[in-house]
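**Q** Predicted model follows, preceded by the sequence.
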Amino acid sequence: HIEPLYSNGLGLTPQMGWNSWNKFHCDDLNSTVITDTVAKISELGLDTLGYKYVNIDDAGKLVEDTDGHILADPVKFPDGMKAVGDMIHEAGLWFGIYSSGGTMTCAK
C-alpha cells in the first residue's frame, strides 16, 4: 500500500494570497495600504478560504544604504518591515517580500 504524497496535509490547497504588484506595480504602496489590505482579507473571509500570504513587491519600495543593504523605504514604511510583518502575522497571515538578485526588477 502506497500512501498519497499529500497525506501529510501539505499542498491540500494552492498557495493563495495577495501580491502588491497585481494592484500597485511600483506606485502608491505603503504601510497603510498593507494594513488596509490585511483588514480587507479578514473582512471578506478570504483568510478562511486559504488566502494566507501577503506579499510585498520590491519595485520602488525598498532602498539600499551605502553598504548595499536593502532597507524599507523610511517614508513609505516609517516603522520598518518588522512592524509590517508583525501586523500581518498578528492577523494570522504569512508575510513575504519579493526581491531580485539582479541589477533591475521586472519593472526596471
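**A** Right, received. Where do you want to start? Keep in mind that this is a model prediction, so the values were computed, not measured.
**Q** for this structure, what helix or strand is lowest in average pLDDT?
**A** strand 62-64 (a mean of 71; mean pLDDT, DSSP states H and E).
**Q** so what does whichever helix or strand comes after that one touch, helix or strand wise?
**A** Later in the chain than strand 62-64, the nearest helix or strand by DSSP states H and E is strand 70-72. Applying 3 or more Cβ pairs under 8 Å, 6 or more residues apart in numbering; DSSP states H and E, we find strand 70-72 packed against strand 62-64, helix 80-90. The way it works is simple: take the backbone N, C-alpha and C, and place the C-beta from them, glycine included.
**Q** so which of the ones you listed gets nearest Val33?
**A** The stretch from the helices and strands packed on strand 70-72 with the least distance to Val33 (Cβ to Cβ) is helix 80-90; that distance is 10.3 Å.
**Q** Touching the closest one from outside, list them.
**A** Applying Cβ atoms under 8 Å, 6 or more residues apart in numbering, the contact partners of helix 80-90 are 31, 34-35, 38, 54, 56, 72, 77, 94-95, 97.
**Q** got the CA positions of that helix in CSV?
**A** Only the C-alpha atoms of helix 80-90 are listed here, as CSV (Å, rounded to 0.1, in the frame of the first residue of the first chain):
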residue,chain,number,x,y,z
GLY,A,80,10.0,49.4,9.1
MET,A,81,9.2,46.0,7.6
LYS,A,82,9.4,44.2,11.0
ALA,A,83,6.3,46.2,12.2
VAL,A,84,4.5,45.4,8.9
GLY,A,85,5.4,41.7,9.3
ASP,A,86,4.3,41.7,12.9
MET,A,87,0.9,43.2,12.0
ILE,A,88,0.4,40.6,9.2
HIS,A,89,1.3,37.8,11.5
GLU,A,90,-1.0,39.1,14.2
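**Q** No further questions, thank you.
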